[in-house]
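Participant: my questions concern the predicted model and sequence given below.
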Amino acid sequence: MLLRVSESLRSILRSSDITPQASFERFQQQRRRLLTGAVTVGAGAIAASRLSVLFDPSPVHAQSFASQPSKYTVSENQTPFAKATHYNNFYEFGTDKSDPAQNAHTLKTRPWTVQVTGMVKKPLTLDIDTLLKYRPIESRVYRHRCVEAWSMVIPWDGYSLSEFINLCQPLPSAKYVQFVTLVDRKQMPDLPGGYDWPYSEGLRLDEAMNPLALLTFGCYGQVLPNQNGAPIRVVMPWKYGFKNAKSIVRFHFTDKQPHTTWNEINSQEYGFYSNVNPQVDHPRWTQARERRIDSSAFPHTIPTQMFNGYADQVASLYNGMDLKRYY
Amino acid sequence: MAWTSSVITDRDGHPLQMSKRTIFLLKIATHLLLLAPTAWLVHFYTSGALELDPDPVAFITHFTGDWGLWTLLASLAITPLRRLSPRLAWLIRFRRLIGLYAFFYATLHLATYAFLFSGYDFATALEGLRSGHPGALLEQWKLIWPAIWDDVLKRRFIQVGFFAWLILLALAVTSPTSVLRAMGGKPWQRLHRLVYVAAIAGVIHYWWLVKTGVRTPWKVTAVLAVLLVARIAYTAVKRFTKPRQTVSAARS
């Protein structure tokens, strides 16, 4: 259950529940030492711009979920909270992975409504707080595999997307669901040009109904930081990360494969399905291995698993499909 | 040839050449300046700050790549800057030094790819090394080199980057004055003009590796373009104003 709602992102960044206090203090100490002892102006400037995002001086004031543990949880070592929240591809807030943590404080997550449109019994407008209470929040620790060949292990908080889709009552003719995300220049002053905003993603309806697909409101036991896609996003752990649309404002049901942003930009590199598949390489890098982001300076490179290790749950969705063609 | 183009005094008779001592001190300063990023990176690691970066491997890769390109562009900027005024003739004495640092950072960048980015399990190799098994370094290499080879054959951004590094290697190896003497000024200069090809290849390498729509390489591209245009303009103007001038050999 949601215990406390606070608007500010700053209020949740320093939760001692998440990053152990000791290691956080160690970091701050190191940062201070590092910055005071910066060797050159040039190098120091780079360091400061990169490190400042990991540092937030506001007081601890966390909002958290009392989530139920879930059977869909992996027991691998979790990525530190600070890394999962400061290494984000959320281009609306800048194309560098350190940008969203710096810029996403301009995102307003209340009031927030979600539209349900297209092939549904009745179009709906749902308030975010209604959705939060609609089903018990589960905590699920998922592997997260980015198409850029790095990976994390993140505890998400939410409930199965299928529960929400049942609420939407799609018509039998609906075959796909599209996730349309927020685009607002006022909240996104750094919105880069050259993209066909809003960011859009989608799934075949049977994929979306798979219990692994998670309608997500939080991570690490607390409300999603803005840069991680607050206040509502989806997470499909067997697909590359860019499928997991952030800050969703509309769920659109359709009988045609919806247009999806990266697929539209470069269909050679990003397919509609984008299932994690070590046998199908991205043109610019292999997908056979991944750097597992952990707490070390030199993380291990590990083999990437088919469907990111979720083959037992999802492989049957793609029976008879040539996954080299439908990548 | 650059090293013969020293103007001794200006119109008022003031010496234009810097004293040996000044040059020496400036060279020390340049060394320190260009080594500072490496020192900083080592410090970043030993202080424990590197492990707090979300993706340390990507960080080192970008850091060494950036400094490789920046130092290469700095070495390319020497000649256009020098041509702005005879007072800047002394700058030429820093070109090789800066160019060698470009090779140094490009080599660190390549090593980062080979031992960190490629999938080489540096963590395991390091553990082996620490527990007294230096053979672990080689074992890990044996495991990964087929994948690296495959990577190099498949990916054009790696190929073009590697090509740029090979040019820098050739230029670094032939950079000592003794090699220049052995080669002769003309062939040496012809070889060293490849530095433009290396810079262009380096910038292409950058463009090919970023995602569609990402424009971060535009700054280095703009700087390189300005430097190239400055050269072309200079040559064109020279040819236009002195159409019959023949270039005399440097040491004749």
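Facilitator: That came through, no problem.
Participant: helices of the stretch 1-150 of chain B, start to end?
Facilitator: Along the stretch 1-150 of chain B, counting by DSSP state H, counting those that start in this stretch, helices occupy B:20-46, B:56-84, B:95-112, B:122-130, B:135-154.
Participant: output the ones you listed as a markdown table; include the columns distance to chain A.
Facilitator: Using the backbone N, CA and C atoms, a C-beta is placed for each residue, glycine as well. Shown next, in a markdown table, are the helices of the stretch 1-150 of chain B (distance: least, C-beta to the nearest C-beta, whole Å):
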| stretch | distance to chain A |
| --- | --- |
| helix B:20-46 | 4 |
| helix B:56-84 | 5 |
| helix B:95-112 | 11 |
| helix B:122-130 | 5 |
| helix B:135-154 | 6 |
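Participant: so which of the ones you listed gets nearest residue A:121?
Facilitator: helix B:56-84 (46.6 Å; C-beta to C-beta).
Participant: report the angle between that closest one and helix B:95-112.
Facilitator: Relative orientation of helix B:56-84 versus helix B:95-112 (axes from the mean of the first three to the mean of the last three C-alpha atoms, to 10 degrees): 160 degrees.
Participant: now the angle between helix B:122-130 and helix B:56-84, please.
Facilitator: 100 degrees.
Participant: what are the ranges of the helices in the stretch 1-150 of chain A?
Facilitator: Under DSSP H, counting those that start in this stretch, the stretch 1-150 of chain A gives helices at A:10-13, A:21-36, A:41-51, A:81-84, A:99-103, A:128-134.
Participant: using CSV, lay out the helices of the stretch 1-150 of chain B together with mean pLDDT and mean neighbour count.
Facilitator: Converted to CSV, the helices of the stretch 1-150 of chain B look like this (pLDDT from 0 to 100; neighbours: other C-beta atoms under 10 Å in any protein chain shown):
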stretch, mean pLDDT, mean neighbour count
helix B:20-46, 94, 15
helix B:56-84, 94, 20
helix B:95-112, 96, 21
helix B:122-130, 87, 17
helix B:135-154, 87, 14
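Participant: list the contacts of the residue in the stretch 51-200 of chain B positioned nearest to chain A.
Facilitator: Shortest the stretch 51-200 of chain B-to-chain A distance, computed as C-beta to the nearest C-beta: residue-wise this is residue B:54, at 3.3 Å. By C-beta atoms under 8 Å, 6 or more residues apart in numbering or on different chains, the contact list for residue B:54 reads A:82-84, A:86-87, A:97-98, A:293.
Participant: how about the nearest residue to it, chain neighbours excluded?
Facilitator: What sits nearest to residue B:54 in space, not counting adjacent residues and going by C-beta to C-beta, 6 or more residues apart in numbering or on different chains, is residue A:87, at 3.3 Å.
Participant: ok, the one you found touching residue B:56?
Facilitator: No: here residue A:87 does not reach residue B:56: they are 10.9 Å apart, not a contact under C-beta atoms under 8 Å.
Participant: for residue B:123, give me its contacts.
Facilitator: A:296, A:298-300.
Participant: out of those, who's nearest residue B:187?
Facilitator: Residue B:187 has its nearest neighbour among the contacts of residue B:123 in residue A:298, at 43.6 Å by C-beta to C-beta.
Participant: am I right that the closest one is in a strand?
Facilitator: No: counting by DSSP: H, G, I helix; E, B strand; the rest coil, residue A:298 is not part of a strand but coil.
Participant: check contacts around it.
Facilitator: B:56-57, B:116, B:122-123, B:126.
Participant: would you turn the contacts of residue B:54 into CSV with neighbour count, pLDDT and distance to residue B:223?
Facilitator: Below are the contacts of residue B:54 laid out as CSV (neighbours: other C-beta atoms under 10 Å in any protein chain shown; pLDDT from 0 to 100; distance: C-beta to C-beta, whole Å):
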residue, neighbour count, pLDDT, distance to residue B:223
A:82, 24, 93, 34
A:83, 21, 93, 33
A:84, 23, 95, 35
A:86, 25, 94, 29
A:87, 23, 94, 28
A:97, 20, 92, 24
A:98, 22, 91, 23
A:293, 25, 93, 33
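Participant: where does residue A:251 fall, helix, sheet strand or coil?
Facilitator: Going by three-state DSSP: residue A:251 is strand.
Participant: against chain B, how distant is it?
Facilitator: Per C-beta to the nearest C-beta, to the nearest Å, residue A:251 is found 26 Å from chain B.
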